[in-house]
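1. generate a structure from the sequence data that follows.
(2 chains)
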Amino acid sequence: MWLLNLMLLVFVGVTAVAALQTEDLLSSAAILGAFSFMMCIVYAVLGAVDVAFTEAAVGAGASTVFMIATILRTSRRTSR
Amino acid sequence: MRWLSLVVTLFVGGLLVFASADFPAWGDPESPASRYLSPYYIEHAYEQTHVPNLVSAILADYRNYDTMLETTVIFTAGMAIVGLLVLPLAPLAMGRRPRDPVEHANRISPLKRDPIIEEACRVLYPPIQLFALYVLAHGHYSPGGGFQGGVIMGASFVMLAICFDLKTAMAKLRAPAYLGLAALGVMLYAGTGVLCMALGGNFFDYAALTAILPLPAEECRSLGILIVETGVAITVSTIIFSIYADLASEGAHRGGL
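-> Next comes the predicted model:
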């Protein structure tokens, strides 16, 4: 069990940093979707199945689509 | 400035990690929540509401104000986006500047229509909607309920808009009508509470519904939960689609992905 938790912690950290560091916002949105999915597994492991379900539907599904729709209408690159 | 913000972020993050050490251990039976609050729900929720899924019983019965106002928050967020992007004066208020050619080159271009994607979408979207209704109706017995069912229902229309175009999806959910549906969902929720008051109970005291339904009080509470969850699902699904339609077309409701 601790191995699964450690893996989830590492993945959550890596995806969070990667989403911020990526300059291509489309990849960033996809990585944030992966981050949400990891958080969904964390909630499921903690036994909060309803929260995990919501996170999977809203975090990994709907909010990723909203971000992509916004990128379509703005710019794909971060301005530095 | 970047270093300063990094220091602030690390400090606040460290503070949060430090403070979380004071939390009771996960699943600790001696923690205040497990000693005073949870046992009441675990012992009484099923006999009072006849809903096996405690989360649904607490969400839509014991903690009803919370859920009703959450639905209102979602409705308000959708209306705010409509106000910013769709209403006639919105583009003037934002002061749109002319297109920057460099920025324009960085845009992603909408893909051409693809028969494989369209056929897959046509096959998938009825089961997705059916699953959304299942999640909504089965929220009493398994994880799920109005929010999740509503998001899945809204996502099925968003998928239609992505695979075909916004026009195809808007033919199923027409433009002013879905905003009316969103308001209807909130009114269905709040109206259930008002109905309970009119029948002599407290706001959201579903047991008062025994006056008009030939059911025992527990079944009325179970039914009341289903009614308000339906209201949540209607609001959430239409607002999800509304936000997508506004964002993907800058409020014009033409084109899109």
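2. residue A:71 and residue A:29 touch, don't they?
-> Yes. Between residue A:71 and residue A:29 there is a contact under C-beta atoms under 8 Å: 6.5 Å. Where you see a C-beta, it was placed from the backbone N, CA and C, and this is true even at glycine.
3. gap between stretch B:178-198 and the chain center?
-> Counting by C-alpha atoms, centre = their mean, to the nearest Å, stretch B:178-198 is centred 15 Å from the centre of its parent chain.
4. quick one: contacts of that stretch?
-> With contacts defined as C-beta atoms under 8 Å, 6 or more residues apart in numbering or on different chains, stretch B:178-198 is touched by B:64, B:67-68, B:71-72, B:75, B:78-79, B:82, B:202-206, B:208-209, B:224, B:227-228, B:230-236, B:238-239, B:241-242.
5. out of the residues you listed, which touch chain A?
-> With C-beta under 8 Å from any C-beta of the partner chain as the criterion, the contacts of stretch B:178-198 include none near chain A.
6. and these, which are buried?
-> Buried subset of the contacts of stretch B:178-198 (neighbour count, 16 or more other C-beta atoms under 10 Å in any protein chain shown): B:64, B:67-68, B:71, B:75, B:78, B:82, B:204-206, B:208-209, B:224, B:227-228, B:230-236, B:238-239, B:241-242.
7. looking at the residues you listed, which are in helices?
-> Judged by DSSP state H, the subset of those located in helices is B:64, B:67-68, B:71, B:75, B:78, B:82, B:224, B:227-228, B:230-236, B:238-239, B:241-242.
8. ranges for the strands of chain B?
-> Listed in chain order, chain B contains no strands at all (DSSP state E).
9. which stretches of it have low pLDDT?
-> Along chain B, segments meeting pLDDT under 70 span B:88-111, B:255-257.
10. hmm, 50 instead?
-> For chain B, the stretches flagged by pLDDT under 50 are B:97-98.
11. would you map the helices across it?
-> Using DSSP H, helices in chain B cover B:2-20, B:32, B:38-49, B:54-57, B:64-85, B:90-94, B:101-105, B:115-137, B:146-163, B:166-172, B:175-198, B:217-248.
12. out of these, which is closest to residue A:47?
-> helix B:54-57 (11.0 Å; C-beta to C-beta).
13. just the C-alphas of the closest one, formatted as CSV.
-> The C-alpha trace of helix B:54-57 is given here as CSV (Å, rounded to 0.1, in the frame of the first residue of the first chain):
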residue,chain,number,x,y,z
LEU,B,54,-24.6,7.8,3.3
VAL,B,55,-22.9,10.4,1.1
SER,B,56,-26.1,11.1,-0.9
ALA,B,57,-28.2,11.2,2.3
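14. what sits up against that helix?
-> Here helix B:54-57 makes contact (C-beta under 8 Å, 6+ apart) with A:50, B:41-42, B:45-46, B:48-49, B:51, B:139-140, B:143, B:145, B:225, B:229.
15. make it 10 Å
-> Contacts with helix B:54-57, where a contact means C-beta atoms under 10 Å, 6 or more residues apart in numbering or on different chains, come from A:48-51, A:53, B:38, B:41-42, B:44-46, B:48-51, B:62-63, B:138-146, B:221-222, B:225-226, B:229.
16. would you mind writing the ChimeraX command to select the buried ones in those?
-> The following ChimeraX line selects those of the contacts of helix B:54-57 that are buried, judged by 16+ other C-beta under 10 Å:
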select /A:50,51,53 /B:45,48,49,50,51,62,139,140,143,144,145,146,221,222,225,226,229
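17. now the lowest-mean-pLDDT helix or strand in chain A - C-alpha only, PDB.
-> Across the helices and strands of chain A, mean pLDDT, DSSP states H and E gives its lowest value to helix A:63-73, namely a mean of 87. What follows is helix A:63-73 as a C-alpha-only set of coordinates in PDB (Å, rounded to 0.1, in the frame of the first residue of the first chain):
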ATOM      1  CA  SER A  63     -12.100  21.400 -16.900                       C
ATOM      2  CA  THR A  64      -9.600  20.000 -19.500                       C
ATOM      3  CA  VAL A  65     -12.100  20.700 -22.200                       C
ATOM      4  CA  PHE A  66     -12.700  24.200 -21.000                       C
ATOM      5  CA  MET A  67      -8.900  24.900 -21.000                       C
ATOM      6  CA  ILE A  68      -8.500  23.500 -24.500                       C
ATOM      7  CA  ALA A  69     -11.500  25.600 -25.700                       C
ATOM      8  CA  THR A  70      -9.900  28.700 -24.300                       C
ATOM      9  CA  ILE A  71      -6.500  27.900 -25.800                       C
ATOM     10  CA  LEU A  72      -8.300  27.500 -29.200                       C
ATOM     11  CA  ARG A  73      -9.500  31.100 -28.900                       C
END
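18. packing partners for it?
-> helix A:25-45, helix B:146-163, helix B:217-248 (3 or more C-beta pairs under 10 Å, 6 or more residues apart in numbering or on different chains; DSSP states H and E).
19. now that helix against helix B:64-85, angle please.
-> Per axes from the mean of the first three to the mean of the last three C-alpha atoms, to 10 degrees, the angle that helix A:63-73 makes with helix B:64-85 is 10 degrees.
20. contacting residues for the closest residue to residue B:216 other than its chain neighbours?
-> By the measure of C-beta to C-beta, 6 or more residues apart in numbering or on different chains, the closest residue to residue B:216 outside its immediate chain neighbours is residue B:210, 7.1 Å from it. By C-beta under 10 Å, 6+ apart, the contact list for residue B:210 reads B:199, B:201, B:216, B:217, B:218, B:219, B:220, B:221.
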